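*Asks:* give me the fold of what follows.
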Amino acid sequence: MPLVLPRDTHFLHPLESVVFHFWHPEKSISHEHTHEYCELFLVNGGSGIHVINEKPYLLTRGTLCYLNRQDYHLFEEMKDLSQCNLLYLGRDRFNVIKNIAHLLPQPEESSVWQIDSQIMQQVYARLSAHQESAFTDKWLSESHKEMIFLEVLHTLNQWRYKTQDFHSSDDRISQILIRLNGQWREPLDLEALCREFGMAKRTLQRGSVITRASRRSNTSPVFGYCSLAISYDLPLTR
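*Replies:* Modelled structure (predicted):
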C-alpha cells in the first residue's frame, strides 16, 4: 500500500488552502506515496524519473505535472532536481476562489505537460511575489496567495503543451504551435522540433493539417505566423 502523506505535512494553519513549496530534493524518493491534498509541480532544473500510477515520465526543465488526491507516485534517479510544488486541498476547498476545474487537465487528458523557460520564469516570479512576512492578518495573506495561485493556473493553462500522450496528428501539431507561439523570437530548428514531438517533417509541414490545427487554437496572431514558418521552413525571428 502506498504511503499517505497527511494534510498537516504542509498545511500548518486551519486557513491554509494553498501552499507554495520550493523544493530541492537531495536524494530519490523511492517510496510510493499519495496525499490528502492535490498537487501540481513545475521543474526548474535538473532531471529525474517521475512514476505516476506506475507509468514513468522523464523530468526535465519545464516539465509540469498535475496530481489528484487519488494519484500515487514516486521519484527516481534525481540529479540536481529543483522544482516548485503548488499544493491545494481540493478544487472546491478554497477561502476565496472557486470554479478552477476548467483550468486543470480534463480526465481524458495527460497529467504531464511542458512549458518553455520564459513562461516558467514568469510563473516563478509571480509565486515569489507572495511573502508571508508582509502580512499581519492571516486572512489577507491566504487570500493573496489564492489569487496568485489562480493567476498561475490561468498562465499554465494558456501556455502548456504536450510532448507525449497525443490523441491524433492534429493534436500533436496543435501542441507544437502552442509551444512556438511562446518562442517566436527564437530561431526555428524544425529538425529538432520534429525529434522532440516524434513527428515526420513532411507531416508537420502539410498545409491542410496546419490550417486545421490553427483554426482550433485560441492564441495570439503570432500563431498564424508560426504555422507559415513551419509550412515553408521560414525563420521565426523577424
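*Asks:* need the helices for this structure, in chain order.
*Replies:* Using DSSP state H, the helices found in the chain span residues 117-128, 138-159, 169-181, 190-197, 201-205, 207-216, 222-232.
*Asks:* ranking the ones you listed by mean pLDDT, which is last?
*Replies:* Lowest mean pLDDT of these: helix 207-216, a mean of 46.
*Asks:* what residue is smack in the middle of this protein?
*Replies:* Closest to where the C-alpha atoms of the chain average out (Cα atoms, centre = their mean) is residue 64, at 3.0 Å.
*Asks:* residue contacts, the closest residue to it other than its chain neighbours?
*Replies:* Distance criterion Cβ to Cβ, 6 or more residues apart in numbering; nearest residue to residue 64, sequence neighbours excluded, is residue 113 at 4.4 Å. For every residue, glycine as well, the C-beta is placed using N, CA and C. Going by Cβ atoms under 8 Å, 6 or more residues apart in numbering, residue 113 touches 63, 64, 65, 66, 105, 156, 160, 161, 162.
*Asks:* quick check, residue 51 in contact with residue 76.
*Replies:* Yes: Residue 51 is within contact range of residue 76, at 6.7 Å (criterion: Cβ atoms under 8 Å).
*Asks:* roughly how far does the nearest residue to residue 34 once chain neighbours are set aside sit from residue 4?
*Replies:* What sits nearest to residue 34 in space, not counting adjacent residues and going by Cβ to Cβ, 6+ apart, is residue 72, at 4.3 Å. To residue 4, residue 72 is 9 Å away according to Cβ to Cβ, to the nearest Å.
*Asks:* can you check residue 162 too?
*Replies:* Taking Cβ to Cβ, one finds residue 162 at 29 Å from residue 4.
*Asks:* okay, these two: which has more neighbours?
*Replies:* In this view residue 162 and residue 4 are compared by other Cβ atoms under 10 Å, and residue 162 has more residues nearby, 21 against 12.
*Asks:* surely the more buried one touches residue 111?
*Replies:* No: Residue 162 is beyond contact range of residue 111, at 10.4 Å (criterion: Cβ under 8 Å).
*Asks:* before we move on, the earlier item: backbone phi and psi for the residue nearest to residue 34, please?
*Replies:* Per-residue torsions, residue 72: phi -120, psi 140 (degrees, to the nearest 10).
*Asks:* and it, what does it touch?
*Replies:* So residue 72 contacts 2, 32, 33, 34, 52, 53 (Cβ under 8 Å, 6+ apart).
*Asks:* which ones among those lie within strands?
*Replies:* 33, 34, 52 (DSSP state E).
*Asks:* spell out which residues are contacts of both of residue 51 and residue 76.
*Replies:* Overlap of the contact sets of residue 51 and residue 76 (by Cβ under 8 Å, 6+ apart) is empty.
*Asks:* most neighbours of all the ones in strands among the contacts of residue 72, which one?
*Replies:* Busiest of those [other Cβ under 10 Å] is residue 34, holding 19 neighbours.
*Asks:* need the pLDDT of that one.
*Replies:* pLDDT at residue 34 comes out at 92.
*Asks:* could you measure the residue lying farthest from the centre of the chain against residue 11, distance?
*Replies:* Here the centre of the chain is the reference, and by Cα atoms, centre = their mean the most remote residue is residue 136, at 32.0 Å. Separation of residue 136 from residue 11 (Cβ to Cβ) stands at 21 Å.
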